[in-house]
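Undergrad: Okay, sequence plus prediction incoming.
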Amino acid sequence: MEPILEDIFVTVMEGDAAATPVNVQKALDEGLSATDILNDGMIAAMTEVGRLFEEGDYFVPEMLIAARAMQAGLGVLRPYLVAEDVKPVGVIAIGTVKGDLHDIGKNLVAMMVEGAGFEIKDLGTDVAPEAFIEAIREGASVVGLSALLTTTMPRIADTIAAINDAGLRDQVKIMVGGAPVTAEYAEQIGADGYAPDASQAARLASSFVS
Ligand code: B1M
């Protein structure tokens, strides 16, 4: 691997949001393609961050600062990706369901899924089913539904039912998560998958498009 890609890998993993964009610019100046920088430097680092999180060597704060370093690097890389016409692996519309204002976990999931190469349509918190439906009509191929309250968890099922009723269910994969949500519940309400944390959410999203 090019030394500068190794540097990017390390600065993303260490969550160095100052050094990552500098290294990304350096790699571009050295003539590396935006695609290689993204795939072999940044996405590779976020995949490793996810692995370390799952093994208990990294915790939420490490994952958050790594994701922020990735975002900082993407700020430099984005125009070059557009110029190289690099397509995202998919588009995910993600939000916290109606009535629920918690967004820290959802934001972390969004960052990790972006780290896996997806374009993110972040619909925010307290999101009505209609907003997810609109996002699917606009091209989202994956929908991510988050709920943190036992009282709002049923809104996940309502949202899936609304997507069904709109006749869009076969156009989209639906993943769900949040503290009260379980794999059994996800299956019961007809979601395509459940992830207990942001790292596994990124892997699940990737499995939908691979
Ligand atoms: Co609230 N809150 N809160 N809260 N809050 C909880 C969730 C609670 C467990 C606290 C407690 O009582 N011990 C409790 C829920 C109890 C229950 O339902 N059984 C609770 C309550 C009751 C409330 C209010 C009702 C309090 C009140 O007003 N009386 C109120 C509700 C407001 C509303 O939403 N309508 C409320 C408000 C708030 C604040 C606004 C103050 C604030 C939210 C700020 C914000 O998000 N911007 C807040 C906070 C911070 C919490 C706790 C302390 C922390 C949540 C958090 O951010 N965790 C929480 C207690 C706790 O969890 N220990 C609590 C860190 C985050 C990284 O984890 O969100 O679980 P988490 O996300 C994880 C996974 O769940 C998963 O991946 C993430 C990263 O690994 N995941 C997904 C999440 N979404 C996913 C989606 C996926 C896949 C995986 O696919 C799409």
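TA: Cool, got the structure.

Undergrad: buried ones in the longest helix anywhere in the chain?
TA: Identified as the longest helix of the chain according to DSSP state H is helix 60-83. For helix 60-83, a neighbour-count test (16 or more other Cβ atoms under 10 Å) marks 62-74, 76-77, 80-81 as buried. Just so you know, the C-beta spots here come from the backbone N, C-alpha and C atoms, and that holds for glycine as well.

Undergrad: next one: stretch 1-17
TA: Across stretch 1-17, burial judged by 16+ other Cβ under 10 Å covers 4-5, 7-9, 11-17.

Undergrad: by contact count, what packs against the strand or helix carrying Leu28?
TA: Under the criterion of DSSP states H and E, Leu28 resides in helix 19-29. For helix 19-29, the packing partners by 3 or more Cβ pairs under 8 Å, 6 or more residues apart in numbering; DSSP states H and E come out as helix 3-13, helix 60-83.

Undergrad: would you list every one of the strands in this protein?
TA: In the chain, the strands defined using DSSP state E lie at 91-97, 119-127, 142-146, 173-177, 193-194.

Undergrad: Does the third one pack against any helices or strands, and if so which?
TA: Using 3+ Cβ pairs under 8 Å, 6+ apart as the contact test, the elements touching strand 142-146 are strand 91-97, helix 104-115, helix 129-137, helix 153-165, strand 173-177, helix 198-209.

Undergrad: quick revisit: turn the strands of the chain into a markdown table, including mean pLDDT.
TA: Putting those into a markdown table (pLDDT from 0 to 100) gives the following:
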| stretch | mean pLDDT |
| --- | --- |
| strand 91-97 | 98 |
| strand 119-127 | 97 |
| strand 142-146 | 98 |
| strand 173-177 | 98 |
| strand 193-194 | 98 |
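
Undergrad: on that earlier part again, weakest of the helices and strands packed on strand 142-146 in terms of mean pLDDT?
TA: Of all these, mean pLDDT reaches its minimum on helix 104-115 (a mean of 89).

Undergrad: which residues are contacting that one?
TA: Contact partners of helix 104-115, identified using Cβ atoms under 8 Å, 6 or more residues apart in numbering, comprise 42-43, 46-47, 49-50, 60, 63-64, 67-68, 70-71, 74, 92, 94-96, 120, 122, 125, 144, 146, 148, 177-179, 195, 198-199, 201-202, 205.
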